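J.: Build me a model from this:
(one chain, ligands or ions: 1)
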Amino acid sequence: MRRIYETSAYQTPQSCWWWSTTSPQALRPLQGPQRTEVAIIGGGFTGMNAALALAKAGVQTCVLDAQHPGWGASGRNGGFCCLGGAKATDASLTKRFGTDQCAQWHQAERAAVDHVAGLLADYKIDADTHSDGETLLAHSPRAMAQIRATAKGLGQAYQTDLHVFGQDALRQLGLNGRFHGGMTLPVGFALNPAKYHAGVLAAAQTKGVIVYEQTPATAITRDGAKWRVSTPSGTVHADKVILATNGYSSEDLPDWLRARYLPVQSSIIVTRPLSEQDQARQGWTSLQMCYDTRILLHYFRLMPDGRFLFGMRGGLRATPRSETALASKIRAHFHHMFPAWRDVKITHHWSGLLCLMRSLTPFCGAVPDHPGLYAAMGYHGNGVAMGSYLGACVADHVLGRVPQGPFPAFLRQPPKRFPLGSLRRALLAPAYAAAAVKDR
Ligand SMILES: Cc1cc2nc3c(=O)[nH]c(=O)nc-3n(C[C@H](O)[C@H](O)[C@H](O)COP(=O)(O)OP(=O)(O)OC[C@H]3O[C@@H](n4cnc5c(N)ncnc54)[C@H](O)[C@@H]3O)c2cc1C
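T.: As a prediction, this is how the structure comes out:
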């Protein structure tokens, strides 16, 4: 596997809060040669949702994960099951693909949230859900003016009523921090991603999906009419293969993928449970999931057990030194925004890789010139809902049927390569610097 970050970006984090709330199922690595109709590489939300959808359609399916399914971003994200998945603006989507496709994209975003809610209900997955939609908080008066100016259009785009509020309402809403007001869009909810993932994994297994851990695909090669997926402990011959490796992808699995995705780090801290008095000191008592208006945004929420989760982008490097610098930085941002909690112990801190695409839109479809090879990836940090949904949609592609929910055609467009090849994360430095200036 040829990957573009330092080795430590691909090592298991020591202190991920979610992983102390679940007991990972013991699985086996692949042993020897196997045959299957569909092999899925990567056992996160994308891979497991694709597997579940295929198994429901009666297709023999196996999932290979280099570590443990859910080890990647899916088991360590902020748990915001929300709209999103693209970084392209509506104006850009409309210009590039037309009004209809932009509208279909909005429908797909909503369908993605409903898809996850449906799985939780259908398989009785208790994922500690909370929050009535998602709240955007303004980090500056100018950002608040922007919220007021765009709220109506946003409500129309998502066909819902928005609640816009000023700074004076923050305390009453239990959302007091260094903000200038905000807006709640009543779509989405928060969840414990590890519990959600474990529920989907169990559902897929019940339907007959075989899941292997500690089974890195090291090569994907054509073998007659089939694909051969090689791993250190065995091979899988499959009619079709789905790539579901997102931010943990490799440049050579397959070579086609080289430079077509850009992994980006995001980091999270979690505090000890905050008592009612702690919460009152800051004036933050709401279980609403929130993010701020910065381009380099922060995302945060009080969880049902009183712990506070706070996330932001990670560093440009993944060396021990940069990890230490990032640990100080994320604490400084947290203390600045929530000054009453400066003395509160932070019990957990971890990072993970999400995935950007050059088009700023996800990809979900057939890999060109590789008959029987498919991929779904590139959710721009919003893959809880969209990764789950496009996992199910890529299964539809494999089955040769049109996706069962809204699916704008642009998602099928093969991703273009980033400039700079394996050095492409250097593109992030000027982008982050420009964003930091705009965010001031
Ligand atoms: C810190 C953080 C916070 C985030 N917060 C949110 C949030 O609040 N809301 C939201 O919507 N999104 C969030 N995201 C993004 C979201 O988690 C991802 O978009 C989503 O989980 C991607 O799922 P996936 O299944 O495509 O990839 P992943 O979950 O990353 O899974 C990829 C899997 O592929 C496996 N793999 C890689 N290479 C191989 C190989 N060669 N052979 C076998 N297996 C391989 C890996 O081991 C891994 O398990 C966050 C991401 C991070 C990192």
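J.: Quick check: the gap between the residue positioned nearest the centre of the chain and Thr89.
T.: Within the chain, the residue whose C-alpha comes closest to the C-alpha centroid is Gly383; the distance, by CA atoms, centre = their mean, is 2.9 Å. Going from Gly383 to Thr89 by CB to CB, to the nearest Å gives 19 Å. To be clear about C-beta, it is placed using only N, CA and C from the backbone, and glycine gets the same treatment.
J.: Over to Ile330?
T.: Per CB to CB, Ile330 is found 27 Å from Thr89.
J.: Name the residue in those two with the higher neighbour count.
T.: Using other CB atoms under 10 Å as the criterion, Ile330 and Thr89 rank with Ile330 on top: 23 against 11.
J.: ok, residues contacting the longest helix along the chain?
T.: In the chain, with assignment by DSSP state H, the single longest helix is helix 99-122. With CB atoms under 8 Å, 6 or more residues apart in numbering as the contact definition, helix 99-122 has outside contacts at 49, 52, 81-86, 90, 93-94, 125, 127, 129, 157-158, 187-189, 191, 196, 199-200, 203, 384-386, 388-390, 392, 405-411.
J.: can you check stretch 156-164 too?
T.: 83, 90, 103, 106, 109-110, 147-148, 151, 154-155, 181-187.
J.: residues in the stretch 151-300 of the chain within reach of the ligand, list them.
T.: Counting by CB under 6 Å from any ligand atom, the stretch 151-300 of the chain comes close to the ligand at Pro216, Ala217, Ala244, Thr245, Asn246, Gly247, Tyr248, Ser250, Leu253, Ser266, Ile268, Tyr299.
J.: Do a quick rundown of the helices in the stretch 1-150 of the chain.
T.: In the stretch 1-150 of the chain, the helices defined using DSSP state H, counting those that start in this stretch lie at 45-56, 90-97, 99-122, 141-157.
J.: I meant the stretch 251-400 of the chain, not that one.
T.: All helices of the stretch 251-400 of the chain, identified by DSSP H, counting those that start in this stretch, fall at 276-282, 320-337, 383-398.
J.: so what's the backbone phi/psi at Thr218?
T.: Torsion angles at Thr218 (phi, psi; degrees, to the nearest 10) stand at phi -110, psi -20.
J.: That one: neighbour count?
T.: 15.
J.: How about it: what's its closest non-neighbour residue?
T.: Nearest non-adjacent residue to Thr218, counting by CB to CB, 6 or more residues apart in numbering: Ser230, 5.2 Å away.
J.: now do Ala138
T.: Leaving aside its sequence neighbours, Ala138 sits nearest to Met144 (CB to CB, 6+ apart; 3.7 Å).
J.: again, but for His333
T.: Met312 (5.9 Å).
J.: looking at the sheet around the one you found, what are its partners?
T.: Ser267, His298 (DSSP bridges).
J.: Which pLDDT value goes with it?
T.: Note for Met312: predicted pLDDT of 94.
J.: How about Glu6?
T.: You'll see Glu6 listed with a pLDDT of 88.
J.: Tell me how far it lies from Gly44.
T.: According to CB to CB, Glu6 stands 21 Å off from Gly44.
J.: of those two, who's got more company?
T.: Neighbours were tallied for Glu6 and for Gly44 using other CB under 10 Å; the higher tally belongs to Gly44 (29 against 14).
J.: you'd agree Glu323 is up against Glu6?
T.: No: the pair formed by Glu323 and Glu6 falls short of the contact definition of CB atoms under 8 Å, at 9.9 Å.
J.: got the domain boundaries for the chain?
T.: Annotated domains of the chain cover 7-78+194-262+358-439, 130-189+264-354 [automatic domain parsing].
J.: Tell me which of the ones you listed sits most buried.
T.: Among the domains of the chain, ranked by average contacts under mean count of other CB atoms under 10 Å, first place goes to domain 7-78+194-262+358-439 (a mean of 20).
J.: next one: that one to chain centre, how far?
T.: Chain-centre distance of domain 7-78+194-262+358-439: 11 Å, with CA atoms, centre = their mean, to the nearest Å.
J.: before we move on, what about stretch 263-282?
T.: 20 Å.
J.: if we can go back for a sec, need the contact list for the residue nearest to Thr218.
T.: Contacts of Ser230 (CB under 8 Å, 6+ apart): Ala217, Thr218, Ala219, Ile220, Thr221.
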